[in-house]
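Peer 1: No letters, just coordinates:
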């Protein structure tokens, strides 16, 4: 029955935990090996606690998933969600990304580093101490190395069954393999908050009403314009029934609460490298009729042909890409996540399989359906050297939100603003954050008309029926300190449990806390706190995570390199924002003649003259990027130029017959970026979205 525990000890090289009569006793037991769970286990062990990490996610933690720790960070999410906050990442999370950079020392020493990522350290660069974008197998190896070095034992392929409590103390948890784990402190690091739920701790699923916490971004959004249908797409068959992939009515009213959950997807690791490509496969139960909405969307919105599998396909090291959702119909399976948080383990397996079949069907349809054939180029495929145990398909479903803890205090949309006015949290800070309030669509509405649906839809002069996504939010909160109380249940419910990946937050508050770097930041602080709380048991005979010495904890975290105060990190780099300047064809940008080989660059053979009103020449701290797309050689190229500085984004749409090199055109047939700053002049790279 303890096979997976023994296997873990062998794999990590850690000392085996003594297990008598299937009872395992430790100081700190961490449930699930998400990125935050791994870092918490490392932190607890480094601070002297005998630590068990229970790897519970299906199928990632099971043999069929490859026995993988690290959650989404080793599960395909290669484009780490750092936003403009990379300088805020400290402690063991920073160590993780530093180790990732060190992995590519040989590449950098040989002068083969990819310079495109140097500005924000996403790709290996001699100018950076960290590399933030991740190859899945490299991330996995780093997590395993950190666990091994800290002496953490990992138990794979088991899940929590029941929880035993004495008053407010969790005394033990029973696992699905028949083992029982007792610990001074338990940590729930699962994305689903399964330990929270089984311990009888308060939680919530879905979206609160805006009025609940005086927010403006919570609840039913009414349908924002992110990842949306640009033109009218009819969601009805002639008989009035809905085409597949539409959510059932009623759709609710703006601002009201509901139990809907934002969409999940898989973060595929993809490539066009012919030596490392596994073709996309047709799912076993493929039904072309299921993709009628996609066909209508491609036809109505002129979705590009011959390109990348998503317009959000970002580079990770070694000519690989992290494929995320983008657009109205994408890898996000809108509406199919609702049942997942409260589902039992068997039902979750079914939901996982449904999402996998959906993504496989999406890619197969885009590449092969006669009506839209070639929307995805056949050169693309999964990476042969990633996820070998699961057919090169990532085993980790991206559970962006499920259950959320309801502790004594709730992190809401207003928390960063209240913090900014009140000042630093001092000893009560767990770390720093500033990523967007980032929520994905939760439903896809079939509207007979705007008046019928009560939502603002696409440009629709004839008031035709239309499909409209609802739930997308992308608003920056500014920098904030993560309060320690987001990890604390009500003390009258339990006093020896801390929570990482399902913090005490509203739906919209969770949408900024839920990023992988921040889970690792929180995990570090939680791990040290758990070790301190376990020490209480040894010293005083009782444990209460609410009464740990925060001053002592703060000192230990600072010594670990954790960044807890806004005064510890430089101001975040502002995200460029569109300033409204639209430039005409022929705008000229000066570049350094010595570096670029010419003194200026312009488009459409236009004469370089005075810039259009509002579009000043590039300054010394600005650069220019061009996103081009094409369908065949010698045809018109549509391009969007972006003049980017630290604070301003100016756009210019042009049409030209200037094409990228024929080799790139033949290989990719879709999107390319040409970086036009002096150091990169004339170099192309594959891209999927404007550089912003």
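Peer 2: Received it, and whenever you're ready, just let me know what you need. In this text the structure is predicted, and so the values were computed from the model without any measurement. Numbering: from 1, shown residues only.
Peer 1: what are the bridge partners for residue 183, then?
Peer 2: Bridge pairing for residue 183 (DSSP bridges) gives the partners residue 26.
Peer 1: Look at it and report its pLDDT.
Peer 2: According to the prediction, residue 183 has pLDDT 97.
Peer 1: Correct me if wrong: it contacts residue 28.
Peer 2: Yes. Counting by Cβ atoms under 8 Å, residue 183 touches residue 28, with 6.0 Å between them. In this view, the C-beta of every residue, glycine as well, is placed from N, C-alpha and C.
Peer 1: Which neighbours do those two have in common?
Peer 2: 52, 534 (Cβ atoms under 8 Å, 6 or more residues apart in numbering).
Peer 1: Compare these two and say which one has the larger neighbour count.
Peer 2: A direct count of neighbours by other Cβ atoms under 10 Å for residue 183 and residue 28 places residue 28 higher, at 30 against 26.
Peer 1: Is the more buried one in a helix, a strand, or coil?
Peer 2: Of the three states, residue 28 takes strand according to DSSP: H, G, I helix; E, B strand; the rest coil.
Peer 1: And it, how close does it get to residue 412?
Peer 2: Using Cβ to Cβ, to the nearest Å, one gets 30 Å for the distance from residue 28 to residue 412.
Peer 1: swap in residue 86?
Peer 2: Relative to residue 412, and taking Cβ to Cβ, residue 86 is found at 25 Å.
Peer 1: Check residue 264 too.
Peer 2: Distance from residue 264 to residue 412, by Cβ to Cβ: 23 Å.
Peer 1: Settle it for me: which of the two has more neighbours?
Peer 2: Counted by other Cβ under 10 Å, residue 264 and residue 412 do not tie: residue 264 has more neighbours, with 25 against 22.
Peer 1: I figured residue 36 hits residue 502, correct?
Peer 2: No. Using Cβ under 8 Å, residue 36 is not in contact with residue 502; the gap is 10.2 Å.
Peer 1: so who does residue 271 touch?
Peer 2: Residue 271 makes contact with 277, 319-321, 380-383 under the criterion Cβ under 8 Å, 6+ apart.
Peer 1: Then residue 261?
Peer 2: 205-206, 337-338, 340-341, 401-402, 442.
Peer 1: Got the phi and psi for residue 431?
Peer 2: For residue 431, the backbone dihedrals (degrees, to the nearest 10) come out as phi 160, psi -170.
Peer 1: Revised request: answer the last question for residue 46.
Peer 2: Dihedral angles for residue 46 - degrees, to the nearest 10 - are phi -60, psi -20.
Peer 1: pretty sure it is in contact with residue 146, am I right?
Peer 2: No. Contact criterion Cβ under 8 Å: residue 46 and residue 146 do not qualify, at 9.4 Å.
Peer 1: who's more crowded, the two?
Peer 2: For residue 46 and residue 146, the more surrounded residue by other Cβ under 10 Å is residue 146, and the numbers stand at 24 against 20.
Peer 1: pLDDT weak spots in the stretch 301-450 of the chain?
Peer 2: Along the stretch 301-450 of the chain, segments meeting pLDDT under 70 span 302-306.
Peer 1: In CSV, list the contacts of residue 261 along with secondary structure and neighbour count.
Peer 2: As requested, the contacts of residue 261 are exported to CSV (DSSP: H, G, I helix; E, B strand; the rest coil; neighbours: other Cβ atoms under 10 Å):
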residue, secondary structure, neighbour count
205, strand, 18
206, coil, 18
337, coil, 25
338, coil, 20
340, coil, 22
341, coil, 24
401, coil, 27
402, coil, 24
442, coil, 28
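Peer 1: For the stretch 401-550 of the chain, which segments are assigned as strands?
Peer 2: Counting by DSSP state E, counting those that start in this stretch, the segments of the stretch 401-550 of the chain that form strands are 403-405, 429-433, 437-439, 443-447, 466-470, 473-475, 480-483, 497-499.
Peer 1: Let me fix that, I meant to ask about the stretch 1-150 of the chain.
Peer 2: Going by DSSP E, counting those that start in this stretch, the stretch 1-150 of the chain shows strands at 19-20, 23-31, 51-55.
Peer 1: What are the buried residues along the second one?
Peer 2: The one in question is strand 23-31. Using 16 or more other Cβ atoms under 10 Å as the test for burial, strand 23-31 gives 24-31.
Peer 1: tilt between it and strand 51-55?
Peer 2: Angle between the axes of strand 23-31 and strand 51-55 is 70 degrees (criterion: axes from the mean of the first three to the mean of the last three Cα atoms, to 10 degrees).
Peer 1: Residue 55 contacts residue 152, doesn't it?
Peer 2: No. Proximity of residue 55 to residue 152 does not meet the contact threshold set by Cβ under 8 Å, at 11.0 Å.
Peer 1: sorry, back to before: please identify which two of the buried residues of strand 23-31 are farthest apart in space.
Peer 2: 25 and 31 (15.7 Å; Cβ to Cβ).
Peer 1: what number of residues lie near residue 244?
Peer 2: Neighbours of residue 244 using other Cβ under 10 Å come to 12.
Peer 1: before we move on, what about residue 63?
Peer 2: Residue 63 has 12 neighbours, counted by other Cβ under 10 Å.
Peer 1: Pull up the per-residue confidence for it.
Peer 2: pLDDT, read off for residue 63, is 96.
Peer 1: so it sits right up against residue 395, yeah?
Peer 2: No. Look at residue 63 against residue 395 with Cβ under 8 Å: they stay out of range, at 10.7 Å.
Peer 1: Which neighbours do the two have in common?
Peer 2: residue 389.
Peer 1: sorry, back to before: looking at the buried residues of strand 23-31, spot the one nearest residue 137.
Peer 2: Distances from residue 137 to the buried residues of strand 23-31, taken by Cβ to Cβ, are shortest for residue 30, at 23.0 Å.
Peer 1: any idea how far residue 499 is from that closest one?
Peer 2: Relative to residue 499, and taking Cβ to Cβ, residue 30 is found at 11 Å.
Peer 1: who touches residue 295 in this structure?
Peer 2: Neighbours of residue 295 in contact, by Cβ under 8 Å, 6+ apart: 369, 371-372.
Peer 1: out of the residues you listed, which is most surrounded?
Peer 2: Ranked by neighbours (other Cβ under 10 Å), those are led by residue 372, which has 19 neighbours.
Peer 1: Alright, calling it a day.
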